[in-house]
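> got a sequence here, can you model it:
(one chain, ligands or ions: 1)
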Amino acid sequence: MSRIVEEGPLPERLARAITLGGPIPVSQFMAAANAHYYGTRDPLGAGGDFTTAPEISQMFGELIGLWCADLWDRAGRPDVAWVELGPGRGTLAADALRAMATAGLTPPVHFVETSPVLRDEQARRVPHATWHDDVEELPTDRPLLVVANEFFDALPIRQLVRRGATWHERLVACQDTLFLPVAGKQVPDDVIPPHLRDAPAGSIIETSPASVGIMRVLAARIVAQGGALLAIDYGYEGPAVGDTLQAVRAHTYANPFEEPGERDLTAHVDFATLALVGHASGAIASGPVGQGAFLRALGVDARATALAQSNADVLVDRDRLVEDMGELFNVIGLRHADWPEPAGFA
Ligand code: SAH
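Now for the predicted structure:
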């Protein structure tokens, strides 16, 4: 039985699973869609579906590398491992490692990446990296410097929807070959944050148990081993009401319930909750601050002016990173209590 269900294109497999077992949670739909999407292509860049900050300009990865090197230097130059979560094409890592090397930091590199296609891309730019499927596999014997750009937004979210005066798990049903969201089983009111319980009918609340789980593991590692984490994403300070599940294909927004596995599904990241998870584990959180303010504090303007001497386009790239993305994207830091305060959050 399960072998039959596992055969064929993803939309057909999901449709069969829903026909046999009933509607599935949004989180299960999103996890299956993104595993297929990232597992089968390199979606980044002008010819792909979307462009990220490190693909816009080398300045982004370089400044993150200098952020790491500065923190490491002020922490007393310990033997650290450098970790990136969801490194995409490996562009950020290559730029950051080059900048770190100029500051004397040449750490072993560990990538957490599930896509075989993107692992190949990463190996072209950072051949000496070690790859892992899961954060649990990261080294346990040294401090970790962890970077995650547009990683948490790709992790599955759970949605709860208000119907009448009750809250329900939001599920994905299937009619013929059409996937559509429906309200499922009622959830008890006490799983809803008190200030949101009386939101109007139709309101949606999102949580990301997968993100919280990964943050919990990393925060525990940083508390036990030392080090710090930097996460950058399209985010908000939650919990809040809002449906942020979105799909992007060929740089345009699309219906997230159509063509599962062929569109990039993302949700905005609840930075307040992630910082709280870090704090509860005994780590110190910084931010969130806007990406624009963060990059300016790290010296993006001086770097852009220097690079613009040979290529004036750099100033356009700087504006995309600092102005266009500057407020929408946010940055949080997490560190061991004995590590110095990281740059960029003052
Ligand atoms: N950080 C890169 C790529 C962002 S796209 C950049 O800024 O350009 C999201 C990345 O996370 C991809 O590399 C994708 O394959 C990876 N990813 C998505 N879900 C993942 C998961 N559950 N575990 C590990 N990696 C994942």
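> what about the residue nearest to Ala308 when sequence neighbours are not counted, how many residues close to it?
Among residues not flanking Ala308 along the chain, Val314 sits closest, at 4.6 Å (CB to CB, 6 or more residues apart in numbering). In this view, the C-beta of every residue, glycine as well, is placed from N, C-alpha and C. Val314 is flanked by 19 other residues according to other CB atoms under 10 Å.
> the helix or strand hosting Val314 - contacts with which helices or strands?
Assessed by DSSP states H and E, Val314 sits inside helix 313-319. Here helix 313-319 touches helix 58-74, helix 300-308, going by 3 or more CB pairs under 8 Å, 6 or more residues apart in numbering; DSSP states H and E.
> so which of these is nearest the ligand?
helix 58-74 (8.5 Å; CB to the nearest ligand atom).
> could you list the buried residues of the very next helix or strand once past the closest one?
Using DSSP H and E, the helix or strand that follows helix 58-74 in sequence is strand 81-85. Judged by neighbour count (16 or more other CB atoms under 10 Å), strand 81-85 contains these buried residues: Ala81, Trp82, Val83, Glu84, Leu85.
> by contact count, what packs against strand 81-85?
Using 3+ CB pairs under 8 Å, 6+ apart, strand 81-85 sits against helix 91-102, strand 109-112, strand 144-149.
> pull the residues that contact the last one.
Right, the one you point to is strand 144-149. Strand 144-149 has contacts (CB atoms under 8 Å, 6 or more residues apart in numbering) with 52-54, 60, 64, 68, 71-72, 80-86, 88, 92, 96, 107, 138, 218, 221-222, 225-233.
> 7 Å - rerun?
For strand 144-149, contacts defined as CB atoms under 7 Å, 6 or more residues apart in numbering pick out 52-54, 64, 68, 72, 80-86, 92, 96, 138, 218, 221-222, 225, 227-232.
> what of the longest one?
Surrounding helix 91-102, the residues in contact under the criterion CB under 7 Å, 6+ apart are 54-55, 58, 60-62, 64-66, 68-69, 84, 87, 109, 125-126, 147, 149.
> dump stretch 120-140 to PDB, restricted to CA.
Taking Å, rounded to 0.1, in the frame of the first residue of the first chain, the C-alpha atoms of stretch 120-140 are listed here in PDB:
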ATOM      1  CA  ASP A 120      26.800  20.000  -5.500                       C
ATOM      2  CA  GLU A 121      26.600  23.800  -6.000                       C
ATOM      3  CA  GLN A 122      28.100  24.400  -2.500                       C
ATOM      4  CA  ALA A 123      30.900  21.900  -3.100                       C
ATOM      5  CA  ARG A 124      32.000  23.800  -6.200                       C
ATOM      6  CA  ARG A 125      32.500  27.000  -4.100                       C
ATOM      7  CA  VAL A 126      33.500  25.400  -0.800                       C
ATOM      8  CA  PRO A 127      35.000  22.000  -1.600                       C
ATOM      9  CA  HIS A 128      36.400  21.400   1.900                       C
ATOM     10  CA  ALA A 129      33.100  21.700   3.800                       C
ATOM     11  CA  THR A 130      31.400  18.800   5.700                       C
ATOM     12  CA  TRP A 131      27.700  18.300   5.000                       C
ATOM     13  CA  HIS A 132      24.900  17.300   7.400                       C
ATOM     14  CA  ASP A 133      21.200  16.600   7.100                       C
ATOM     15  CA  ASP A 134      20.500  17.800  10.600                       C
ATOM     16  CA  VAL A 135      21.800  20.300  13.200                       C
ATOM     17  CA  GLU A 136      22.100  17.400  15.600                       C
ATOM     18  CA  GLU A 137      25.100  16.100  13.600                       C
ATOM     19  CA  LEU A 138      27.200  19.300  14.100                       C
ATOM     20  CA  PRO A 139      30.500  19.000  16.000                       C
ATOM     21  CA  THR A 140      30.100  18.900  19.800                       C
END
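> which of the helices and strands packed on helix 313-319 sits most buried?
Mean neighbour count (mean count of other CB atoms under 10 Å) peaks for helix 58-74 among the helices and strands packed on helix 313-319, with a mean of 23.
> ok, Leu44 to the ligand distance?
From Leu44 across to the ligand, the span is 6 Å (CB to the nearest ligand atom, to the nearest Å).
> now do that residue, the pLDDT please.
Note for Leu44: predicted pLDDT of 95.
> hang on, the earlier thing: the residue nearest to Ala308 and Leu307 touch, don't they?
Yes. Between Val314 and Leu307 a contact is recorded at 4.4 Å, counting by CB atoms under 7 Å.
> now Gly202: closest residue in space, sequence neighbours ignored.
Arg162 (6.3 Å).
> so what's that neighbour up against?
Ala199, Pro200, Ala201, Gly202, Ser203.
> kindly give a single ChimeraX line that selects the buried subset of those residues.
For the buried members of the contacts of Arg162, the matching ChimeraX selection, counting by 16+ other CB under 10 Å, is:
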select :203
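> and which of the contacts of Arg162 is nearest the ligand?
Set against the ligand, the nearest of the contacts of Arg162 by CB to the nearest ligand atom is Ser203 (27.3 Å).
> and the pLDDT for that closest one?
The score at Ser203 is 97. That number is its pLDDT.
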